[in-house]
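Peer 1: Take a look and give me a structure for this.
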Amino acid sequence: MPTTADFITNNRERFQKELFDLLRIPSISTSPERDADTKRAAEFVRKQLQDLGFRAQLHTTPKHPIVTAESPMAAGKPTVLVYGHYDVQPPDPLGEWRHGPFEPTIEGENVIARGATDDKGQMFAHVKAVESIIEAEGKLPCNVKFLIEGEEEIGSPNLDPFIESHKDLLKCDVVVISDTDQFAPGQPAICYALRGLVYMEIEVVGPTHDLHSGMFGGSLDNPATVLARIIASFHDADHHVAIKGFYDHVRALTPDERAGFAELPFDEKGYREEMGVTELVGEKGFTTIERRWARPTCEINGIFGGFQGEGAKTVIPAKAGAKVSMRLVPDQDWKTIAKLFEEHVRSVAPKTVKVNVKTHSGSGPVLVPRDSAAVKAGMRALEKGFGKKPVFMREGGSIPVVLTFDRVLKVPVVLLGFGLPDDRAHSPNEKFNLGDYERGIRTSAHFLHEIAGGK
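Peer 2: Residues are numbered from 1 along each chain as shown. Next comes the predicted model:
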């Protein structure tokens, strides 16, 4: 009888084909016209788990369905809950894709498609790991549950209420999430910290309607110019965030953390080239890795107002606006930062315009104990799955549900990342290395055995 490792090898092509079938579904959670597709993706995942003998259910929410599944539960065995999401970001701008965003295409060792790494490929690796163990060994070494949602890319508005009201269904001993990266190709990592997020919008309103810039220019404050001044006030010359009180509760990196980051084989030249920039810029006094992982930021995500079409139109816009995200670190509170942001904007805005400030969403930063038994099990599993000892790293992004699992289920969370930093998540030509997909399947299988007591 083949081992689990043999089964994974022997079914490599089928596992890829089934992932590609999932990638073909345009489950864009932000687009109402894709609601039928998001439901189709949820049903795809539900059926995959049901076919493995799991009790799999589709739960309706005010927007997109949530999939839950649980294996036959064995008394006395630990329970692992796998969290992931089947929804994806919009593929725009379409003209920058080398292939259709929902036409998975192999280029070298990678599959190119929207959702390949964020998060369909990483999530699906756990499904295939469970299948491989069941087929090769007859049963799982521990109890396994799945919670797969379809609203992660729009802030998971219905997830927290669902977890709160389904605590018994989701009861477990550890949660595993694969929605992060390795440190570099061939260098697996355990992510132990995530930045929080607060998302704001500013609107500057001037005249009641757009004005002719020749007839009216020079006689009133231009909302676009005022907006530019407001935005320029967010940082000082050393790239520190200039909002009063912004750094008051920032937890400093420990000397051990800074030393550990400095030892990582970070290719700064390759990092610049991947982004297509000639120079790296950031907060004075910190390295590039420290800025990305462990320092708070304030970034402009979009600017709007006035004439946006081809050619020229000489107008003074009636209004202008910007969308701003701030990434937060332990121990910053997103509601406090949102309040400080609004106070800053109003303090620098002139009385010649009206300013509206809106808070869209927010979530707190995450810091996972590196010495927990669950994290140690993840380290051993990654070493077995990838063939190299993993390192510890932080991640600049946010996964708000980690805090919810800690608060509601009161269990440790392990972040096992199978993607790569250059996978272009949220960008055109998103990719996932197919070798890492297979190594992710192997790692997941090892992780279940490690949680169960090792094999």
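Peer 1: now the strands: where do they sit in the stretch 1-150 of the chain?
Peer 2: 55-59, 66-70, 79-85, 105-107, 110-112, 143-149 (DSSP state E, counting those that start in this stretch).
Peer 1: Would you mind telling me which of those strands is nearest residue 417?
Peer 2: strand 79-85 (12.2 Å; CB to CB). Heads up, the C-betas are built off the backbone N, CA and C, glycines and all.
Peer 1: Who are the packing partners of the closest one?
Peer 2: helix 121-137, strand 143-149, strand 174-177, helix 434-452 (3 or more CB pairs under 8 Å, 6 or more residues apart in numbering; DSSP states H and E).
Peer 1: Including mean pLDDT, mean neighbour count and distance to residue 205, could these go into TSV?
Peer 2: Formatted as TSV, the helices and strands packed on strand 79-85 follow (pLDDT from 0 to 100; neighbours: other CB atoms under 10 Å; distance: least, CB to CB, whole Å):
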stretch	mean pLDDT	mean neighbour count	distance to residue 205
helix 121-137	98	24	43
strand 143-149	98	26	37
strand 174-177	98	25	42
helix 434-452	98	24	49
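Peer 1: Of these, which is nearest residue 322?
Peer 2: Among the helices and strands packed on strand 79-85, strand 143-149 comes nearest to residue 322, with 29.5 Å by CB to CB.
Peer 1: could you point out which element follows that closest one?
Peer 2: Later in the chain than strand 143-149, the nearest helix or strand by DSSP states H and E is helix 159-165.
Peer 1: Now do the buried residues in that next one.
Peer 2: Along helix 159-165, these residues count as buried under the neighbour rule (16 or more other CB atoms under 10 Å): 159, 162-163.
Peer 1: Now do the same contact list for the residue nearest to residue 315 when sequence neighbours are not counted.
Peer 2: Nearest-residue entry for residue 315: residue 210, 4.4 Å, with adjacent residues in sequence omitted and distances by CB to CB, 6 or more residues apart in numbering. For residue 210, the contacting residues are 306, 315-318, taking CB atoms under 8 Å, 6 or more residues apart in numbering as the criterion.
Peer 1: ok so, going back, closest one of the buried residues of helix 159-165 to residue 361?
Peer 2: With CB to CB as the yardstick, the closest approach to residue 361 among the buried residues of helix 159-165 comes from residue 159, at 12.4 Å.
Peer 1: ok, and the closest non-adjacent residue to the closest one?
Peer 2: Spatial nearest neighbour of residue 159, chain neighbours left out: residue 149 (5.4 Å); criterion: CB to CB, 6+ apart.
Peer 1: Can you name the residues bridging to the one you found?
Peer 2: residue 85 (DSSP bridges).
Peer 1: before we move on, back to that, could you say which one of the helices and strands packed on strand 79-85 comes nearest to residue 185?
Peer 2: Going by CB to CB, the one of the helices and strands packed on strand 79-85 nearest residue 185 is helix 434-452, 8.5 Å.
Peer 1: Please state the offset of that closest one from the chain centre?
Peer 2: The gap between the average C-alpha position of helix 434-452 and the chain average comes to 20 Å, counting by CA atoms, centre = their mean, to the nearest Å.
Peer 1: Just the CA coordinates for that helix, please, in CSV.
Peer 2: What follows is helix 434-452 as a C-alpha-only set of coordinates in CSV (Å, rounded to 0.1, in the frame of the first residue of the first chain):
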residue,chain,number,x,y,z
LEU,A,434,3.5,24.3,-8.3
GLY,A,435,6.4,22.8,-6.4
ASP,A,436,5.4,24.8,-3.4
TYR,A,437,1.8,23.6,-3.8
GLU,A,438,3.0,20.0,-3.5
ARG,A,439,5.4,20.9,-0.7
GLY,A,440,2.5,22.6,1.0
ILE,A,441,0.4,19.4,0.7
ARG,A,442,3.2,17.5,2.3
THR,A,443,3.7,20.0,5.1
SER,A,444,0.0,20.0,5.9
ALA,A,445,0.0,16.2,6.2
HIS,A,446,3.1,16.3,8.4
PHE,A,447,1.5,19.0,10.6
LEU,A,448,-1.6,16.8,11.3
HIS,A,449,0.7,14.0,12.4
GLU,A,450,2.8,16.4,14.5
ILE,A,451,-0.3,17.7,16.3
ALA,A,452,-1.5,14.1,16.8
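Peer 1: same for it, what does it pack against?
Peer 2: Counting by 3+ CB pairs under 8 Å, 6+ apart, the packing neighbours recorded for helix 434-452 are helix 4-10, helix 12-23, strand 79-85, strand 110-112, helix 121-137, strand 174-177, helix 373-386, strand 413-416.
Peer 1: Reformat these as a markdown table; add distance to residue 428.
Peer 2: Output for the helices and strands packed on helix 434-452, formatted as a markdown table (distance: least, CB to CB, whole Å):
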| stretch | distance to residue 428 |
| --- | --- |
| helix 4-10 | 31 |
| helix 12-23 | 15 |
| strand 79-85 | 20 |
| strand 110-112 | 9 |
| helix 121-137 | 17 |
| strand 174-177 | 25 |
| helix 373-386 | 28 |
| strand 413-416 | 26 |
